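Q: okay, here's the prediction I keep looking at, along with the sequence it came from:
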Amino acid sequence: MVKDKFSADAYNEVGKNFLPGHLGIVIKKIAQREVQAELAVVPHLMAPNGFLHAGSVVTLADTCCGYGCVAHLPEGASGFTTIELKSNHLGTALEGVIQCEAKAVHLGKSTQVWDAVVSQNGKTLALFRCTQMVLFPK
């Protein structure tokens with residue numbers, strides 16, 4: 001999937017024609033046990049009530065956690081799938097840019113757990129916990 005597992009540019013290139021690219025998610029940093037990204041708040045990411053759609057926020061967090069999982073797949077793994085995503089939404093954004101920082105909590109051979117915080121200007125908008133199942137070829 002990604003040749004350089006710690007290159008933000010590589011993940012942005014891979015995702016450009018998929019949901020992360022279509023929404024405008026920009027990976028800023030991928031490092032050991034950490035991923036950072038941002039998303040500009042634009043009209044097509046809003047809900048009909050004028051607030052940022054929760055799905056836009058969830059997609060940002062899930063993308064960060066998923067790319068983190070890819071960067072940390074164990075030897076022999078072929079990929080992963082998200083098996084649980086929990087979100088707590090504490091606020092919203094009407095404009096500007098939101099940021100996400102995901103950190104690994106558990107990097108096992110069969111599962112990974114990542115926590116993510118979505119924020120804007122230091123204000124926490126949402127908290128996430130994602131569990132991924134690591135996949136191996138048959």
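A: Nice, thanks for sending it over.

Q: give the contact list for the residue nearest the centre of the chain.
A: When C-alpha atoms, centre = their mean is applied to the chain, the residue found nearest the centroid is Cys64 (2.0 Å). If you count contacts by C-beta atoms under 8 Å, 6 or more residues apart in numbering, Cys64 has them with 27, 35-37, 100-102, 114, 116. In short, each C-beta sits where N, CA and C put it, glycine included.

Q: ok but it is inside a helix, no?
A: Yes - Cys64 forms part of a helix when assessed by DSSP: H, G, I helix; E, B strand; the rest coil.

Q: okay if I get the contacts of Cys64 as a markdown table plus pLDDT and secondary structure?
A: A markdown table is the format used below for these (pLDDT from 0 to 100; DSSP: H, G, I helix; E, B strand; the rest coil):
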| residue | pLDDT | secondary structure |
| --- | --- | --- |
| Ile27 | 98 | strand |
| Val35 | 98 | strand |
| Gln36 | 98 | strand |
| Ala37 | 98 | strand |
| Cys100 | 98 | strand |
| Glu101 | 98 | strand |
| Ala102 | 98 | strand |
| Trp114 | 98 | strand |
| Ala116 | 98 | strand |
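
Q: which one of the residues you listed is nearest Ala47?
A: Closest approach between the contacts of Cys64 and Ala47, by C-beta to C-beta: Cys100, at 18.7 Å.

Q: for that closest one, give its distance to Phe6.
A: As for Cys100, its distance to Phe6 is 17 Å (criterion: C-beta to C-beta, to the nearest Å).
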